[in-house]
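Student: pasted the sequence and its predicted model underneath.
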Amino acid sequence: MIGSGMPSNHSKAPRPKVMFASIKIACRHNARVFAWFPLWALAVSTAAYAQDIRGLEVCTAEKQIERRTSCLQSNVEFLQKELAKQARDTEQKLAATARELAAAKAEAAALRASIAKIEAELDGLKKSRPAEKK
């Protein structure tokens, strides 16, 4: 078709829908698709969120290479500081959780000892009780 703006090899037959073919393939492997979907959704949502980090500078606006380099270096320094801060916070939280776990284990051991003592007293009472009835 010369002059119509359409390529000459264009046919009137409809092209297969790629989307429907991928859905058909996905239906065959539902377990695999549904297992990976949450990870995909997380990756997509964090990709959009990662662009809005407070404190980062937009370095692509700089035209001079020296200014762009210093901008990138300041971003790297900022991210390293934030990473160190997050690591300290995480370590503190882990240490607090470890202390709580140790306290809970000690309490559980004390409760077990108390239960064992009560069971021993109960056994002693049961043994002395039949002797009194005789």
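Tutor: Cool, got the structure.
Student: can you give me the helices for this structure?
Tutor: 18-28, 30-49, 65-133 (DSSP state H).
Student: of these, which shows the lowest average pLDDT?
Tutor: Mean pLDDT per stretch puts helix 18-28 lowest among the helices of the chain, at a mean of 53.
Student: number of nearby residues for Arg99?
Tutor: Using other C-beta atoms under 10 Å, the number of residues around Arg99 comes to 10. In this view, the C-beta of every residue, glycine as well, is placed from N, C-alpha and C.
Student: any idea how far Ala120 lies from Lys85?
Tutor: 53 Å (C-beta to C-beta, to the nearest Å).
Student: again, but for Leu122
Tutor: For Leu122, the distance to Lys85 equals 55 Å [C-beta to C-beta].
Student: just Glu100 next, same as before
Tutor: Taking C-beta to C-beta as the measure, Glu100 falls 23 Å from Lys85.
Student: try Glu91
Tutor: For Glu91, the distance to Lys85 - C-beta to C-beta - is 11 Å.
Student: also Gln73?
Tutor: Gln73 is 19 Å from Lys85, by C-beta to C-beta.
Student: no more questions from me, cheers.
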